[in-house]
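Visitor: Sequence plus predicted model, see below.
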Amino acid sequence: MIDFKKEIARIVSEKVESLNQEDVEALIEIPPNYDMGDYAMPCFKLAKTFRKAPNLIAQEIAESLDGKEYFEKIENVGPYVNFFIDRKVLARTVLEEIFSKKENYGSSNMGNGKNIVIDFSSPNIAKPFHVGHLRSTVIGNSLYKIYEFLGYNCIGINHLGDWGTQFGKLITAYKKWGNKEEIEKEPIKTLLKLYVKFHDEAELNPELEEEGRRWFKKLEDGDEEARKLWNWFVDLSLKEFNKIYDLLKVKFDYFTGESFYNDKMDRIIELLKEKNLLKESKGAYVVDLEEFNMPPCLVLKSDGATLYPTRDITAAIYRKETFNFEKALYVTDYSQSLHFAQWFKVIELMGFEWADKLEHVPFGRVSTEEGRMQTRKGNVILLEELLNKAIDKVREIIEEKNPNLENKDEVARQVGIGAVIFNDLSNNKIKDIVFNWDRMLSFDGETGPYVQYTHARANSVLNKRKYDITNDVDYSILTNQEAVDVIRLLQLFPEAIVNAMEKNEPSIITRHIVDIAQAFNKFYHECPIIVEDENIQKARLLLVFAVKTVLKTGLGLLGIDAPDKM
């Protein structure tokens, strides 16, 4: 495909001797609307070099250029040089590329030979998988697919919360009030009740907290009874979690939770001591981070028990040694930003040059209209309940509007789950979300079902065609405004994917495919496709094929299916 940005850089650098191609390319931007061109080159930064006003520089550059091979016109408006791509050239360039590459359009090998570790989802064992966990799961899953599409080798890790004082509390609660049959019947629900009861009772009897700590220490020391109960809690929880992952079609390469690093922490603690980083503080051991304007990083409690930072530092070193990652991403909510900043700094102080390869990917929190969800208070919205409600809602709509649809149950799952995922990924990830049933299950406006329906509509048109889809068409037929608006967005799709990867921001793709769907629906209404004129039908069918292909790819990068019929 012609890289028009590079072509602009070439023709400008050939005419202006003091500018090299790389410098020009760095200046080029996409204007806010196409009345100002497909590309623009601002000349503000050139004023010092040329000792002229930016508008005069822009005028001289525009007048010196001859881009007739690729550009309809080149003109200056104030301090900008604006480039308008020849519409026929644009249509041919983009649509031939999509026809050739099909579902690989937008992919690249830029990540070839590089490993990316993505730590995401990470629910806590014996606690409900609630809507707050949805964000880490779908953002991490989408990033995995985006990096993989760009040629990286991705390693997805579910760092389960399967260790910590909470298990001492849960063992205490089970021994005092637990019932094995009830737990086997409804594992997460019953274990949550025990966990909530523990905290209610601990408010009246603070000695329970100490008993919980003692049981966790026993667990860490390998006590047989503690281990047996813990293994049981883990097995029951994973069975429940996998029901959710199956619904979402999310897979992991490793389920290595915090407990995996138990036998690996002693080496790291010794390493911290060797480097004189550990300091005693009230019986506990910390890494002092005062000079970096951070509180101390607690590594060992006074009773010798480990903490989150101990396990995270150990896990990072293990992952670097095992996978030699180019980048390690940690997808958690922003409330953990200080935690990550602290132990990232400890890794750096330990002398590991790869500390800058660790990246926290923070996202906004999910709360209810009553306030923040807290497991210990039991005010959580179960993710399985949300997903099943979404599927049921779609099934009702299908029964009402298209009762003869094939594979109704599968389409209901694809659209219902797609609506929930798309809703979560449709805004900048850092934004907080107040959970609202109606909004989460909305199918109106800029939603997943809208994009899925557009894909199904394009597929339906292709099924009605009279001619084969080919790239041997008259591209001048696709130079009207409605067609060009679609083609421009298709052209920018690969750039949107790279941008999403660089910013770890799947919503860039979400917004882009909504724009494509909207532009295509306008084209669909304004430009009849199944017409008698063979040349017109063939040209427009090629555009429909391109849209269907790109929408399916875009949805796939978000972890959403694209039904052929709805």
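Guide: That came through, no problem. Numbering: from 1, shown residues only.
Visitor: Please enumerate the strands of the stretch 101-250 of the chain.
Guide: 115-119, 153-157 (DSSP state E, counting those that start in this stretch).
Visitor: quick one: strands adjacent to the first one?
Guide: Just to be clear, that refers to strand 115-119. Next to strand 115-119 in the sheet, as set by DSSP bridges, lie strand 153-157 (parallel), strand 327-333 (parallel).
Visitor: circling back to that earlier point, any chance of the strands of the stretch 101-250 of the chain in JSON lines, with mean neighbour count, distance to residue 413 and mean pLDDT too?
Guide: From N, CA and C alone the C-beta is placed, and that goes for glycine too. Converted to JSON lines, those look like this (neighbours: other Cβ atoms under 10 Å; distance: least, Cβ to Cβ, whole Å; pLDDT from 0 to 100):
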{"stretch": "strand 115-119", "mean neighbour count": "25", "distance to residue 413": "25", "mean pLDDT": "98"}
{"stretch": "strand 153-157", "mean neighbour count": "20", "distance to residue 413": "22", "mean pLDDT": "98"}
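Visitor: Residue 439 is nearest to which of those?
Guide: Closest to residue 439 of those, according to Cβ to Cβ: strand 115-119, at 27.8 Å.
Visitor: now what about that closest one, what contacts it?
Guide: Contact with strand 115-119 is made by 140, 143-144, 147, 152-157, 159, 319, 323-331, as judged by Cβ atoms under 8 Å, 6 or more residues apart in numbering.
Visitor: Over to stretch 14-33?
Guide: 5-6, 8-10, 12-13, 37-43, 45-46, 49-50, 61, 64-65, 80, 82, 492.
Visitor: swap in stretch 150-157?
Guide: 107-120, 140-141, 144, 147-148, 251-254, 256, 319, 323, 325-326, 497-498, 501.
Visitor: So among those, which ones count as buried?
Guide: With burial judged by 16 or more other Cβ atoms under 10 Å, the buried subset of the contacts of stretch 150-157 is 111, 114-120, 140-141, 144, 147-148, 252, 254, 256, 319, 323, 325-326, 497-498, 501.
Visitor: In helices only, show me those residues.
Guide: 140, 141, 144, 147, 148, 319, 323, 497, 498, 501 (DSSP state H).
Visitor: Looks like the first one contacts residue 363 (just checking).
Guide: No - in terms of Cβ atoms under 8 Å, residue 140 does not count as a neighbour of residue 363; the distance is 9.8 Å.
Visitor: anything in contact with each of the two?
Guide: residue 331.
Visitor: that older thread, let's have the strands paired with strand 115-119 in TSV, adding distance to residue 99.
Guide: Formatted as TSV, these follow (distance: least, Cβ to Cβ, whole Å):
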stretch	distance to residue 99
strand 153-157	28
strand 327-333	34
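Visitor: Nearest approach to residue 410 belongs to which of those?
Guide: Per Cβ to Cβ, nearest to residue 410 of the strands paired with strand 115-119: strand 153-157, 24.6 Å.
Visitor: As a check, name the ranges of all helices in the stretch 451-566 of the chain.
Guide: Taking DSSP state H, counting those that start in this stretch, the helices of the stretch 451-566 of the chain run over residues 481-491, 493-503, 507-526, 534-557.
Visitor: mind checking which of those is nearest residue 300?
Guide: Closest to residue 300 of these, according to Cβ to Cβ: helix 493-503, at 36.8 Å.
Visitor: The closest one versus helix 507-526: what angle between them?
Guide: Relative orientation of helix 493-503 versus helix 507-526 (axes from the mean of the first three to the mean of the last three Cα atoms, to 10 degrees): 160 degrees.
Visitor: got the angle between helix 493-503 and helix 481-491?
Guide: If you take the same axes, to 10 degrees, helix 493-503 sits at 40 degrees to helix 481-491.
Visitor: residues of helix 493-503 that come out buried?
Guide: Buried residues in helix 493-503, counting neighbours by 16+ other Cβ under 10 Å, are found at 493, 494, 496, 497, 498, 500, 501.
Visitor: wait, which of those is closest to residue 271?
Guide: For the buried residues of helix 493-503, the residue nearest residue 271 by Cβ to Cβ is residue 501; the value is 33.1 Å.
Visitor: just checking, that closest one touches residue 148?
Guide: No - look at residue 501 against residue 148 with Cβ under 8 Å: they stay out of range, at 10.2 Å.
Visitor: hang on, the earlier thing: now for the helices of the stretch 451-566 of the chain, which one comes closest to residue 185?
Guide: Closest to residue 185 of the helices of the stretch 451-566 of the chain, according to Cβ to Cβ: helix 534-557, at 37.6 Å.
Visitor: For the residue lying closest to residue 2 once chain neighbours are set aside, give me the pLDDT.
Guide: Ranked by Cβ to Cβ, 6 or more residues apart in numbering and with sequence neighbours excluded, the top spatial neighbour of residue 2 is residue 93, at 4.7 Å. With respect to pLDDT, residue 93 has a value of 97.
Visitor: Could you do residue 12 as well?
Guide: Listed pLDDT for residue 12 reads 94.
Visitor: Nearest residue to it in space, please, no chain neighbours.
Guide: Closest residue to residue 12 apart from its sequence neighbours, by Cβ to Cβ, 6+ apart: residue 24 at 4.7 Å.
Visitor: Buried ones in the helix or strand encompassing the one you found, by neighbour count?
Guide: Per DSSP states H and E, residue 24 falls inside helix 21-27. For helix 21-27, a neighbour-count test (16+ other Cβ under 10 Å) marks 23, 24, 25, 27 as buried.
Visitor: how deep is residue 213 tucked in, by neighbour count?
Guide: If you count neighbours by other Cβ atoms under 10 Å, residue 213 ends up with 17.
Visitor: What of residue 338?
Guide: Residue 338: 12 surrounding residues under other Cβ under 10 Å.
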